[in-house]
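**Q** here is the input, now give the coordinates:
(chains A and B)
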Amino acid sequence: MKVSYYPGCSLEVTARPYNLSCQQVCRSLGIELAEVPEWICCGSSAGLKKDHLLSLSLSAKNLALIDQQSLKNVLIPCPFCYRRLLSAREEIQGDAQTAETVKGIIESDLQAKYSIQNILEFLQTVVGPEDLKSKIQKPLRGLKVIPYYGCYLVKPRQVTRFDDPENPVSMDEILRTLGAEVLSWDFKTECCGASLSLTKTEKVVELSSRLLKEAVWKGADAVAVACQLCQSNLDMRQGEVWKREKKNYQLPILYITQLVGLTLGCSDRDLGLDHHLIDPRPVLKERGLLS
Amino acid sequence: MFRLSGDPNERAFLNLIIRKSGQNLLECLQCGKCTAGCPIASEKVPGPRQLIAAILSGMKESALANPTWLYCVSCGTCATRCPVEINMYAVATALCETADKEKSASPVPEIDLFEELFLNSVRKNGRVQELNTVAQYNLRTFKPFKDLSQGLSLMRKGAISPSDMLKGSKKSAAASGLFAKVHQVRQGE
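**A** Numbers count the residues shown, from 1 in each chain, chains lettered A, B, ... in the order given. Got it, this is the predicted structure:
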């Protein structure tokens, strides 16, 4: 099976482990990822905030590039890009005048009839739990994982229409398929502070601190995420959080694709497990999941 | 909260924001569910409910000076919980565009600066050069060593490398052309 792949800017640099593990997992599952040729940034939160037409046009340009691949599904691991392309398509297709303006800017027509998939949706529907289960070599037995969805995959509900905005379950189900012990908590979709990490670091430390303290209190071995902003905030700001709390914890923050990759027998290096500030390998070794 | 009369002049700002954002703020019940769930609302940042109240009352200066719309991370929690489904990040964009046009003083200049540097990088390169943007921001805000220890640790682990700074310096004609066209359309408006 061949699937279009739009990684987004972060996955090229700061979120390389997410990119690596997405590709490794797909390779192991026999899925060919065809990266969108010449894709550009979707404008991210800066574009969305500062210039509506620009943000819309950047997304439209990418949607048109995906068109050229003539594939049925496009996988967008970055939840922000995923939501932005999804809502841009809906806005353009829902208003003839907007469509005309955007067409003039990107100089091409837009069909965009393919299905836009986030990573959880992709694992659940394109791969499917039976197929995933049949390929598992090393289940995550004994690993207590807390699923953290963040905002952009499920909110606003009117935009993504994916899972439940307050109590999503898709990642829980995938983790259970992987054999992990899934912990339940109330903060599944509480915000980590997202793009404020650089400009309002104290806000991100405050928000991430709540999440980390709760996850530790619940007894998690690791937090599973599907967003590079969640990963980076919880991993990079963790030192500041525990220093402030006068605690000495190390809670690994792992991409769902890294956990899937582990069960499929991928190596720690191939999954970028050595690239996080909080090293997840000690706890994975302790649980017998890494040699 | 005072009510606006039907006088078009009095309602000009409210109508502008409603038109630009596509959000019918007149339906707002002022229930406060938005601010209750808003991650960025704090003692210093009033949150969506007060911001909408200012717009509904025609208080343009107060609305443009409210830090809420610059802090907004578009998490979508308010839109999800709002009984009349007002999407606040669409309102934030409308306010940001209006503030730009009017050249009013930014309520949170550092967030403005970061977003500007970010988009400049996209215009030049087609994709944002994350590390360059961060470095530029830290220099421009006179905090050149901010987050340096995390950056160095990540480099030691091989997660990022100095060559990432140089890498994407390829110019993207597609992106800069698109930015120029959007600018043209804006000027024609």
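**Q** okay, now the domains of chain A?
**A** Chain A breaks down by automatic domain parsing into domains covering A:2-119, A:129-286.
**Q** for the ones you listed, give me a markdown table that also has mean pLDDT.
**A** Shown next, in a markdown table, are the domains of chain A (pLDDT from 0 to 100):
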| stretch | mean pLDDT |
| --- | --- |
| domain A:2-119 | 97 |
| domain A:129-286 | 96 |
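**Q** and those: which comes nearest residue B:102?
**A** For residue B:102, the closest of the domains of chain A is domain A:2-119, at 14.4 Å, according to CB to CB. Quick note: C-beta positions are derived from backbone N, CA and C, even for glycine.
**Q** so the closest one, near chain B or not?
**A** Yes - counting by CB under 8 Å from any CB of the partner chain, chain B has neighbours in domain A:2-119: A:9-10, A:12-14, A:16-17, A:38-41, A:43-55, A:57-58, A:61, A:101, A:104-106.
**Q** what subset of those residues is buried?
**A** Buried subset of the residues of domain A:2-119 next to chain B (neighbour count, 16 or more other CB atoms under 10 Å in any protein chain shown): A:9-10, A:12-14, A:16-17, A:39-41, A:43-55, A:57-58, A:61, A:101, A:105-106.
**Q** all helices of the chain, in order?
**A** By default, I'm working from chain A. Assigned by DSSP state H, chain A shows helices spanning A:16-28, A:44-50, A:52-67, A:79-94, A:96-106, A:119-121, A:129-135, A:157-160, A:170-177, A:201-217, A:228-236, A:238-245, A:256-263, A:281-286.
**Q** the chain in question should be chain B.
**A** Counting by DSSP H, the helices of chain B are B:8-21, B:33-37, B:48-56, B:60-64, B:68-71, B:77-81, B:88-102, B:109-125, B:130-140, B:148-156, B:163-167, B:173-188.
**Q** now these as JSON lines including distance to chain A, mean neighbour count and mean pLDDT?
**A** As requested, the helices of chain B are exported to JSON lines (distance: least, CB to the nearest CB, whole Å; neighbours: other CB atoms under 10 Å in any protein chain shown; pLDDT from 0 to 100):
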{"stretch": "helix B:8-21", "distance to chain A": "8", "mean neighbour count": "16", "mean pLDDT": "93"}
{"stretch": "helix B:33-37", "distance to chain A": "9", "mean neighbour count": "19", "mean pLDDT": "97"}
{"stretch": "helix B:48-56", "distance to chain A": "13", "mean neighbour count": "23", "mean pLDDT": "97"}
{"stretch": "helix B:60-64", "distance to chain A": "14", "mean neighbour count": "18", "mean pLDDT": "96"}
{"stretch": "helix B:68-71", "distance to chain A": "7", "mean neighbour count": "25", "mean pLDDT": "97"}
{"stretch": "helix B:77-81", "distance to chain A": "4", "mean neighbour count": "24", "mean pLDDT": "97"}
{"stretch": "helix B:88-102", "distance to chain A": "5", "mean neighbour count": "21", "mean pLDDT": "96"}
{"stretch": "helix B:109-125", "distance to chain A": "4", "mean neighbour count": "20", "mean pLDDT": "95"}
{"stretch": "helix B:130-140", "distance to chain A": "5", "mean neighbour count": "18", "mean pLDDT": "91"}
{"stretch": "helix B:148-156", "distance to chain A": "5", "mean neighbour count": "14", "mean pLDDT": "89"}
{"stretch": "helix B:163-167", "distance to chain A": "5", "mean neighbour count": "14", "mean pLDDT": "73"}
{"stretch": "helix B:173-188", "distance to chain A": "5", "mean neighbour count": "15", "mean pLDDT": "92"}
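**Q** okay, the ones you listed in TSV with distance to residue A:220 next?
**A** As requested, these are exported to TSV (distance: least, CB to CB, whole Å):
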stretch	distance to residue A:220
helix B:8-21	39
helix B:33-37	24
helix B:48-56	32
helix B:60-64	42
helix B:68-71	29
helix B:77-81	23
helix B:88-102	30
helix B:109-125	32
helix B:130-140	28
helix B:148-156	22
helix B:163-167	31
helix B:173-188	41
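**Q** of those, which is nearest residue A:222?
**A** Here helix B:148-156 is closest among these (CB to CB), at 18.9 Å.
**Q** give me the contact list for the closest one.
**A** Outside helix B:148-156, the residues that touch it by CB atoms under 8 Å, 6 or more residues apart in numbering or on different chains are A:236, A:239, A:275, A:277, B:160-162.
**Q** touching, residue A:181 and residue A:144? I think so.
**A** Yes - here residue A:181 lies in contact with residue A:144, judged by CB atoms under 8 Å, at a distance of 4.8 Å.
**Q** which residues touch the closest residue in space to residue B:144 that isn't next to it in sequence?
**A** Of all residues not flanking residue B:144 in the chain, residue B:138 sits nearest, at 5.4 Å (CB to CB, 6 or more residues apart in numbering or on different chains). Contacts for residue B:138 (CB under 8 Å, 6+ apart) come out as B:144-147.
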